[in-house]
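Trainee: prediction below, plus the sequence it came from.
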Amino acid sequence: MAKPLKHVFVCTQSRPPGHPRGSCGANCSMAVFQEFQQQFEKRGLWGRYAITGSGCIGPCGTGPSVLVYPEGVMYGGVGQGDVAAIIEEHLLGDKPVERLKVPAEVWG
């Protein structure tokens, strides 16, 4: 496998209802992950880019969370409708989607 140009991690962590931290899974993150997979297939991005469903990547309150490396850009509140923008603007265009970026203090 060749090193991908960018690697997208989508938090699919689920916690029980009422858990104090919440979870991306409770906010439909699996649908976001599946949308990335479908878009990768449709656009022929496999091999050049990678997508991985992950456990918790931090900011549960701003989920679904998506993290893109090597830049280390964290997106929050990502919905299925945001996937195309992340692919077009960030993966293919090398420009992070500012409206979806989590506040800098999340990395705190």
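Mentor: That came through fine.
Trainee: rest of the way, CA atoms for contacts and neighbours
Mentor: Noted.
Trainee: show me what the spatially most central residue of the chain is bridged to.
Mentor: Nearest to the centroid of the C-alpha atoms of the chain, with distances taken as C-alpha atoms, centre = their mean, sits Val66, at 2.1 Å. Beta bridges link Val66 to Val10, Tyr75, judged by DSSP bridges.
Trainee: ok, and what's touching the helix ranked longest in the chain?
Mentor: If you go by DSSP state H, the chain has its longest helix at helix 29-43. Residues outside helix 29-43 that contact it (C-alpha atoms under 8 Å, 6 or more residues apart in numbering) are 10-12, 46, 51, 53, 63-65, 78-80, 83-84.
Trainee: also stretch 58-74?
Mentor: 6-12, 21-25, 27-29, 32, 57, 75-79, 96, 101-102, 106.
Trainee: same question, stretch 90-108
Mentor: With C-alpha under 8 Å, 6+ apart as the criterion, stretch 90-108 contacts 6, 49, 59, 62, 73-78, 85-86, 89.
Trainee: could you redo the last one with a cut-off of 10 Å?
Mentor: For stretch 90-108, contacts defined as C-alpha atoms under 10 Å, 6 or more residues apart in numbering pick out 5-8, 45, 48-49, 58-59, 62-63, 65-69, 71, 73-79, 82, 84-89.
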